[in-house]
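Asks: My questions are about this predicted structure, shown below with the sequence.
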Amino acid sequence: MNKSIQICTNCVMDSHDDKLITFDSKGVCCHCQKYFKEEPLFVFKGKEGELKLAETIEKNKRRW
Ligand SMILES: [Zn+2]
C-alpha cells in the first residue's frame with residue numbers, strides 16, 4: 001500500500017502524523033488556518049505587545 005502523504009506548505013505537518021488533518025487550496029493545513037484566524041485575538045505585536053507584556057508582568061507581580 002502506497003498512500004501519498006501531503007505536507008503543509010506553512011508548517012510541514014503531514015497527513016502521516018495527523019490522520020484528521022485537512023489542507024486548503026494553497027496546501028496550508030487546518031492547524032495553521034486556525035492559528036492565522038485566532039492570531040489577531042491572542043498575539044500582540046510591536047508597541048501593543050510591549051504594553052500587554054508589561055501589564056501581564058505587573059498583574060502577576062501583584063498576585064505574589
Ligand atoms: Zn500547517
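Replies: Done, it's in.
Asks: alpha carbons only for contacts and neighbour counts from here, please
Replies: Fine.
Asks: Enumerate the positions of the host helix or strand of residue 38 that are buried.
Replies: Element membership for residue 38 (DSSP states H and E) is helix 30-42. Along helix 30-42, these residues count as buried under the neighbour rule (16 or more other Cα atoms under 10 Å): 30, 32.
Asks: now residue 63: how far from the ion?
Replies: To the ion, residue 63 is 37 Å away according to Cα to the ion, to the nearest Å.
Asks: repeat for residue 41
Replies: In this view, residue 41 and the ion are 19 Å apart by Cα to the ion.
Asks: Now do that residue, the pLDDT please.
Replies: Listed pLDDT for residue 41 reads 94.
Asks: List the contacts of it.
Replies: With contacts taken as Cα atoms under 8 Å, 6 or more residues apart in numbering, residue 41 has no neighbouring residues.
Asks: do the one 3 residues further on as well
Replies: Listed by Cα under 8 Å, 6+ apart, the contact partners of residue 44 are residue 52.
Asks: quick one on the thing from earlier: relative to the whole chain's centre, how far out is the helix holding residue 38?
Replies: Mean-position distance between helix 30-42 and its chain equals 5 Å (Cα atoms, centre = their mean, to the nearest Å).
Asks: can I have that helix written out in CSV, keeping just the CAs?
Replies: These are the backbone C-alpha positions of helix 30-42, laid out as CSV (Å, rounded to 0.1, in the frame of the first residue of the first chain):
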residue,chain,number,x,y,z
CYS,A,30,-6.2,23.2,9.2
HIS,A,31,-3.9,23.9,12.2
CYS,A,32,-2.2,26.8,10.5
GLN,A,33,-5.6,28.1,9.3
LYS,A,34,-6.8,28.0,12.9
TYR,A,35,-3.7,29.8,14.1
PHE,A,36,-4.0,32.6,11.4
LYS,A,37,-7.7,33.1,12.3
GLU,A,38,-7.0,33.4,16.0
GLU,A,39,-3.6,35.2,15.9
PRO,A,40,-5.1,38.7,16.0
LEU,A,41,-7.1,37.8,19.2
PHE,A,42,-4.1,36.4,21.1
